[in-house]
Structure formats: C-alpha cells, structure tokens
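**Student:** please find the sequence and the predicted model below.
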Amino acid sequence: MTLTIDAVYDGKVFLPSEPIPLSPNTNVRIFVVAEGEASVSFFDVAQSLDLNGPPDWSSKLDEYLYGGRATS
C-alpha cells in the first residue's frame, strides 16, 4: 500500500493532517519532501533536453539499438 500523507513535524514526531488508514504499530517507510522544494521527474528532465530523434522513440527500439528488425 502506498499513501501520500500531509503532516507537520513538531521537532520530535510527524503529525498527520488527517486520519491514516493503518493499524497502530504498523511498520512503514517514510520519504520526506519538504513543502516548497522542487521535485523534478525524469520525464521533465528528458523533455527539457529537447532531443532530436524519430517520433516513435520506442516502437523501433531494437532496430535503433541493434541495426536490424525487431524480433518477437
């Protein structure tokens, strides 16, 4: 299960802004992104590079990589 939870850090613990649908003592892994920090995806970066190439970048991948027709 993956959840995105808005919370406030009070200096000791994270306090969720809304109830969380988890049982008490459930182990979780927390990734922290402070509000206001820029988050850039791979696709945003790739698009910003303005690369020149064929419009079907993936449909002929084997042909582009190996010089021949794709095999099924």
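**Tutor:** That came through fine. On a predicted model such as this, the values are computed, not experimentally measured, just so you know.

**Student:** measure the closest residue to Glu18 other than its chain neighbours to Gly53 for me?
**Tutor:** Spatial nearest neighbour of Glu18, excluding adjacent residues (C-beta to C-beta, 6 or more residues apart in numbering): Asp6 at 7.2 Å. Placement of C-beta: from N, CA and C, glycine included. According to C-beta to C-beta, to the nearest Å, Asp6 stands 40 Å off from Gly53.

**Student:** same for the helix or strand harbouring Leu65, what does it pack against?
**Tutor:** If you go by DSSP states H and E, Leu65 is part of helix 61-66. Applying 3 or more C-beta pairs under 8 Å, 6 or more residues apart in numbering; DSSP states H and E, one finds that helix 61-66 contacts no other helix or strand.

**Student:** send over that helix as PDB, restricted to the C-alpha atoms.
**Tutor:** Extracted as PDB, the C-alpha positions of helix 61-66 are listed here (Å, rounded to 0.1, in the frame of the first residue of the first chain):
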ATOM      1  CA  LEU A  61      14.000   0.300 -30.300                       C
ATOM      2  CA  ASP A  62      15.600  -3.000 -31.400                       C
ATOM      3  CA  GLU A  63      16.200  -1.500 -34.800                       C
ATOM      4  CA  TYR A  64      17.800   1.600 -33.400                       C
ATOM      5  CA  LEU A  65      19.900  -0.300 -30.900                       C
ATOM      6  CA  TYR A  66      21.000  -3.300 -33.000                       C
END
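
**Student:** what's the average pLDDT for that helix?
**Tutor:** For helix 61-66, the mean per-residue pLDDT is 81.

**Student:** what's the neighbour count on Ser58?
**Tutor:** 7 (other C-beta atoms under 10 Å).
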